[in-house]
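**Q** What would the 3D arrangement of this be:
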Amino acid sequence: MSLLNLGFGVLKLTALLLLVSTVARLLRHRSAAVRHLLWMTGLVGAVALPVLAAVLPTWELVVGVPARAASAPWSAGSFLVGPSGTASLVSGGSLVIIWGIGAALMLLWMLGGEFRLRARLRISTQRLSPEWRVAIEAAGSLPSGPFTVRFVECAWLDAPCTWGVLRPLILLPTDAAHWSPAQRRYAVLHELAHVARGDLAANLLARLACVVHWYHPMVWSMAGAARLAREEACDNAVLGQDVVASDYAALLLSLRVSRESVTATLAPALGLAHHSTLGIRLCALLDETRDRSLPSRGKIGLSAALGSVMLAGIAMAAPAQQRAVGQTVGTGQQGGMAQIAARVCADRRPGRGPQIFGVVVRDSTRTPSQYTMSVNCSRAPSK
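**A** Here you go, the predicted model:
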């Protein structure tokens, strides 16, 4: 893959992320559920963009040499064709290798979190206590979607969290003696909201986008914004179950989540009190003017259709090929090497040398970067 194609691919990704970020800024006063849907649209598009660019037909804008330069008087001299003694410091192939190494390391980090969590769950889960059973029964009014949710207690856990895309598992802390029955219900409601909204699959897609585009800071920023909007949306779902905002905020404020459990072992899980979003969520909970509505199915379908059209258009764009316009002034061949035709025009303006507008390599075994060309053209007389 050439440097031009790689650079254009990054440019298309950046254009997509900038477009989504602009729309998100315009909708910053909408509900957290709407903003989360928008951020996830951008992240899913980032994952799908390379695939669509490979399978969809491309369209390109062909740029030619200006007519004034092409029609300028020219005169031919001699030129020499030979193997180049210098090579580009960075090639498209080397960049692909660097990307592959980074993506592999990110994937290993993501899988490592899964394995660590699985290992801890195998050795440290306990049966539910009567207090948690009562809280789960009290939270039964919130649907969990098409999934069968399982609950376990963990002695090493500080705050509830949810893990598992196809088989959701809600982890509850054993050390919650100071929690009231209402606070236990709030915690269960929050985790059930993650399951009902499909946040576990969304979180997996966001992490996959970070693996594929680990080099792009806007992807990481968008994943963080999606995480914040996701937690706010679940908080709004809890408030929709006749929960007083100040009481629920007091629960979040009382949680003390250790760094180890959140950043290392629980990297693949969704926690109730993520340290990076807790302060913003508390402010949002106590803001009575916040929009807490859910997007309708019609709006979701329309957004998906518009997003698909936009994504396909960006994916089909291809780098413009600059085509030379002029007259072939000669060909040269040395030692059986590739035959090259150079189209040369002399600029009539004072102090300007000959202009090379295109080089065509007629040997598929070599690339243009493997050749150098020396052109000696006499300058056209000025009129």
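**Q** remind me which residues of the stretch 51-200 of the chain are low pLDDT?
**A** Within the stretch 51-200 of the chain, the stretches with pLDDT under 70 are 60-91, 141-146.
**Q** Show me where it has its strands.
**A** According to DSSP state E, counting those that start in this stretch, the stretch 51-200 of the chain carries its strands in the segments 63-64, 78-83, 125-126, 150-154, 161-163, 169-173.
**Q** same for the fourth one, what does it pack against?
**A** Here strand 150-154 touches helix 92-124, strand 125-126, helix 130-138, strand 169-173, going by 3 or more Cβ pairs under 8 Å, 6 or more residues apart in numbering; DSSP states H and E. Backbone N, C-alpha and C define where each C-beta goes, glycine included.
**Q** tell me which residues in the longest one are buried?
**A** Neighbour counts using 16 or more other Cβ atoms under 10 Å place 95, 103, 106, 110, 113, 117, 120-121 of helix 92-124 among the buried residues.
**Q** Looking at the residues you listed, which one is closest to residue 279?
**A** Top of the list for closeness to residue 279, among these and by Cβ to Cβ, is residue 113 at 24.4 Å.
**Q** and the closest one, how far is that from residue 107?
**A** 11 Å (Cβ to Cβ, to the nearest Å).
**Q** how many other residues sit next to the nearest residue to residue 47 once chain neighbours are set aside?
**A** Once flanking residues are discounted, residue 47 sits nearest to residue 209: 5.0 Å by Cβ to Cβ, 6 or more residues apart in numbering. Residues lying near residue 209 (other Cβ atoms under 10 Å) number 25.
**Q** OK, contacts around residue 209?
**A** Residue 209 makes contacts with 43-44, 46-47, 219, 222-223, as judged by Cβ atoms under 8 Å, 6 or more residues apart in numbering.
**Q** what bridges to residue 172?
**A** residue 153 (DSSP bridges).
**Q** Now do residue 21 against residue 133, distance only.
**A** Distance of residue 21 to residue 133, computed by Cβ to Cβ: 44 Å.
**Q** next one: residue 149
**A** Distance, residue 149 to residue 133, using Cβ to Cβ: 14 Å.
**Q** These two - which one has more neighbours?
**A** Using other Cβ under 10 Å as the criterion, residue 149 and residue 133 rank with residue 149 on top: 18 against 13.
**Q** what about the residue lying closest to the more buried one once chain neighbours are set aside, neighbour count?
**A** In space, and not counting its chain neighbours, residue 149 is closest to residue 168: 5.0 Å by Cβ to Cβ, 6+ apart. Per other Cβ under 10 Å, the neighbour tally for residue 168 reads 23.
**Q** Also the one 4 residues further on?
**A** Other residues near residue 172 number 24, with proximity taken as other Cβ under 10 Å.
**Q** Then residue 34?
**A** 21.
**Q** likewise residue 316?
**A** 15.
**Q** Distance of it relative to residue 7?
**A** The spacing between residue 316 and residue 7, counted by Cβ to Cβ, is 17 Å.
**Q** Which parts of the chain belong to which domain?
**A** 3-87+319-376, 93-292 (automatic domain parsing).
**Q** contact partners of stretch 182-197?
**A** For stretch 182-197, using Cβ under 8 Å, 6+ apart, the contacting residues are 33, 131-132, 134-136, 138-139, 142-145, 147, 149, 159-162, 168, 170, 172, 176, 179, 199-200, 230, 233-235, 237-238, 241, 243, 247-248, 250-251, 270, 272.
**Q** pLDDT score for residue 367?
**A** Model confidence at residue 367, given as pLDDT, is 49.
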